[in-house]
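Trainee: compute the structure for the input listed below.
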Amino acid sequence: MPNPYGAPEISVHDVAAKQKDDTEFLLVDVREPNELELASLPDADFINMPLSELRERRLDAIPEDIQQNKELEVVLFCHKGLRSAQVTVFLRQQGWSNAVSMAGGIDAWADEIDESVGKYASM
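Mentor: Below you'll find the model as predicted:
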């Protein structure tokens with residue numbers, strides 16, 4: 001199901017393939033720090049950029065890795081894909097033309113790629 005924000009999406013399968021192929025991209029988790037304990041991508045190199053910080057600090061909340069290269073592909077994810085879609089739209093409005101949201105979030109990753117990632121308790 002497409003996200004209600006109209007953000008471009010990438011499937012969890014495509015993200016997994018990028019990781020396997022060592023494709024250059026930046027993986028950004030927009031969940032809150034306490035959510036990382038509930039489910040997390042094992043051995044994944046990602047940046048945590050919580051949506052709450054972005055709302056509060058706007059562009060100052062964007063890590064330097066992202067600020068330095070607006071051409072780099074940025075894959076954002078959250079629990080189910082809604083917050084990452086919001087951040088994707090925001091980043092694209094600020095000039096990051098290769099920002100995409102991981103469809104279905106970490107929940108889809110647990111369902112389709114690796115169940116060891118964990119799932120949130122009945123939400």
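Trainee: ok, and the closest non-adjacent residue to Ser116?
Mentor: Closest residue to Ser116 apart from its sequence neighbours, by CB to CB, 6 or more residues apart in numbering: Pro42 at 6.6 Å. For every residue, glycine as well, the C-beta is placed using N, CA and C.
Trainee: correct me if wrong: the one you found contacts Ile113.
Mentor: No: here Pro42 does not reach Ile113: they are 10.6 Å apart, not a contact under CB atoms under 8 Å.
Trainee: what lies in contact with the worst-scoring helix or strand of the chain on mean pLDDT?
Mentor: Here the helix or strand of the chain ranked lowest by mean pLDDT, DSSP states H and E is helix 64-67, holding a mean of 82. Residues outside helix 64-67 that contact it (CB atoms under 8 Å, 6 or more residues apart in numbering): 26, 28, 47, 49, 59, 72, 74, 91, 96.
Trainee: any idea how far the fifth one lies from Trp109?
Mentor: The one in question is Leu59. Using CB to CB, to the nearest Å, Leu59 is found at 28 Å from Trp109.
Trainee: so for these two, which residue has more residues nearby?
Mentor: Trp109 (24 against 10; other CB atoms under 10 Å).
Trainee: now the helices for the chain?
Mentor: For the chain, the helices defined by DSSP state H cover 12-20, 51-57, 64-67, 82-93, 105-112.
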